[in-house]
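Undergrad: Give the three-dimensional model of this entry:
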Amino acid sequence: MYNRNIRVFKGLNKTRSRFCESEGRHTKKYISCKGLAQGMSSTVKVHMKVCGKVHVIEVTALPGGNYGVKAVTECDHVKEFVELVNELSIADLTDKRSSKVWEAVKISHMSATCLVPAGIMNAAWLEAGLLSKNLAKSAGSNSVEFV
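TA: You can find the predicted model right below:
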């Protein structure tokens, strides 16, 4: 079974036994120069060139299996949207019909063309291990091109 509290860092081969609060016991965790991997997050940047705004979205795994969503943005509509989806479950990431993200798209004042919901889903999928971080890094970005 995949333990989401253990992250593998490129070029890292050391483990250290530490007390893990979410597991309630000592466990081996991968470490980096910044410390334990637990509590790390996945971050994406959404460039909305049409409205001239850049949104930085961060998703962090929370104790209990949910995912916290934060955004740094100047857009009031995106701020409102992020408040609606501030904590997501794995079902919100995998079941589009009942997802809190897509329900929030319907009731928020955000433009229908805004890419922030897709950015949140991408960051959350990275954090949940549903999307390879190596693949995402090598791809660089996804985009919509007007032709």
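Undergrad: State the phi and psi torsions of residue 60.
TA: The phi and psi values for residue 60, taken as degrees, to the nearest 10, are phi -120, psi 140.
Undergrad: Next one, pLDDT for it please.
TA: Residue 60 carries a pLDDT value of 97.
Undergrad: what element comes up after the helix or strand of the chain with the lowest mean pLDDT heading to the C-terminus?
TA: One helix or strand of the chain scores below all others by mean pLDDT, DSSP states H and E: strand 35-36, with a mean of 30. Proceeding N to C from strand 35-36, the next assigned helix or strand is strand 41-48, under DSSP states H and E.
Undergrad: tell me the domain boundaries of the chain?
TA: 1-38, 41-139 (automatic domain parsing).
Undergrad: residues near residue 138, how many?
TA: The number of residues packed near residue 138 is 8, by other CB atoms under 10 Å. All C-beta spots, glycine's among them, are computed from the backbone N, C-alpha and C.
Undergrad: Please apply the same query to residue 117.
TA: Residue 117: 21 neighbours (other CB under 10 Å).
Undergrad: looking at this, it is in a helix?
TA: Yes - remark: residue 117 belongs to a helix, assigned using DSSP: H, G, I helix; E, B strand; the rest coil.
Undergrad: who touches it in this structure?
TA: Residue 117 is in contact with 81, 101-102, 104-105, 110, counting by CB atoms under 8 Å, 6 or more residues apart in numbering.
Undergrad: ok, now residue 51?
TA: Listed by CB under 8 Å, 6+ apart, the contact partners of residue 51 are 75, 111.
Undergrad: give me the element it is part of.
TA: Using DSSP H and E, residue 51 falls outside every helix and strand.
Undergrad: where does this structure dip in pLDDT?
TA: 1-39 (pLDDT under 70).
Undergrad: circling back to that earlier point, same list (the domains of the chain) but as a markdown table, adding distance to residue 146.
TA: Converted to a markdown table, those look like this (distance: least, CB to CB, whole Å):
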| stretch | distance to residue 146 |
| --- | --- |
| domain 1-38 | 35 |
| domain 41-139 | 9 |
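Undergrad: for those, which one ends up most surrounded?
TA: domain 41-139 (a mean of 16; mean count of other CB atoms under 10 Å).
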